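# Sharing a sequence plus its predicted fold:
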Amino acid sequence: MGGWKSSWPWRVTVTAWGLLSLPLTAVAIIAGAPFLGPKRSFWFFGPLWSRSIFLFFGMHNEVIGWEDLPEDIRQGRQPVIFMANHESALDPPVLMGSLPIPAVYLAKKELKWMVPVGWAAMMAGTIFIDRSNREKAVASIATAAREIRGGKSVVLFPEGTRTRTGELLPFKKGGFALAVDAGTPIVPLGIGGAYYMLPPGRLLVRPWKYTIAVGEPVDPARYETKEELLADVRSRIESLREIARGRQGVPGQDAKAH
């Protein structure tokens, strides 16, 4: 997947445009809200930006396993919590443009005040978490659970941050407490290709394939403890990640990412 899209001038140009067009897209979302409604405006302009930018990057997206999910999930009638490994800064925008149903993110409350991107995120229905102290964090999770029970699907990265080595990091318990509280299925996702395309510390994106492997839904009610739930979901994500990486065709991509 080389060619002219792998050249330095093109990668610099497209990266610069990607960074510039993000706030411009946020402005378009805000401007479109009075006419389309806040959520419709976001879900029109946001995925459009994502797909167009990564087409310019030379990215080839692939989602496998979606068709095996229950119809209620595929049609957006059953809210779920998508949990994915976090390989790159590409993950949030790519998932936004790749998942067939709208799914918002859990984000730190500080993002809300990053104008204009934070305002656009609010219009999408992003769930903001206050982590300033334990009491506020618990209250934020309870609020998030109510919104999910009300029909909102979300995406979260249980590692809490991007991997620096390509290996799966320890999972944090917060997302699993949220799933138990909401009584909502977890859909595990395995991402492959993102670490190769944009390793930590790099700004220029390499053209390549970005694969999302979708696993079977997991019912939190079937587990006696959050620790058992976490361990099983982590094992599933690890297996799905290997499936996604196996479709990349990059020998030793972790070792050669730099």
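Ah, there it is.
# residues in contact with stretch 36-55?
14, 17-18, 21-22, 25, 28-30, 32-33, 35, 61, 90, 93-94, 96-98, 102, 120, 122-125, 210 (CB atoms under 8 Å, 6 or more residues apart in numbering). Bear in mind the C-beta positions are built from the backbone N, C-alpha and C, glycine included.
# Next up, the contacts around residue 238.
For residue 238, the contact set (CB under 8 Å, 6+ apart) comprises 85, 168, 190.
# To what extent is the first one buried, counted in neighbours?
The number of residues packed near residue 85 is 28, by other CB atoms under 10 Å.
# Repeat that for the last one.
When neighbours are defined as other CB under 10 Å, residue 190 has 24 of them.
# which SSE is it in?
Residue 190 is part of strand 186-192 when elements are defined by DSSP states H and E.
# about what we covered before: can I get the buried part of the contacts of stretch 36-55 as one PyMOL selection?
Buried residues within those, by 16 or more other CB atoms under 10 Å, are selected in PyMOL with:
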select buried, resi 14+18+25+28+29+30+32+33+61+90+93+94+96+97+98+102+120+122+123+124+125+210
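# How is the residue nearest the centre of the chain assigned, secondary-structure-wise?
Centroid-nearest residue in the chain, with CA atoms, centre = their mean: residue 92, separated by 3.7 Å. Look at residue 92: counting by DSSP: H, G, I helix; E, B strand; the rest coil, its state is helix.
# I'd guessed it sits against residue 105; true?
Yes. Judged on CB atoms under 8 Å, residue 92 makes contact with residue 105 at a distance of 6.3 Å.
# overlap in contacts of the two?
What both residue 92 and residue 105 touch, as defined by CB under 8 Å, 6+ apart, is the set residue 155.
# okay, the contacts of residue 238 in CSV with distance to residue 75 and pLDDT next?
As requested, these are exported to CSV (distance: CB to CB, whole Å; pLDDT from 0 to 100):
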residue, distance to residue 75, pLDDT
85, 26, 98
168, 31, 96
190, 23, 98
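# Name the nearest of the residues you listed relative to residue 68.
Distance to residue 68 across the contacts of residue 238 (CB to CB) is lowest for residue 190, with 13.9 Å.
# bridging residues for the closest one?
residue 213 (DSSP bridges).
# For the stretch 1-150 of the chain, which segments are assigned as strands?
60-64, 81-84, 104-108, 127-129 (DSSP state E, counting those that start in this stretch).
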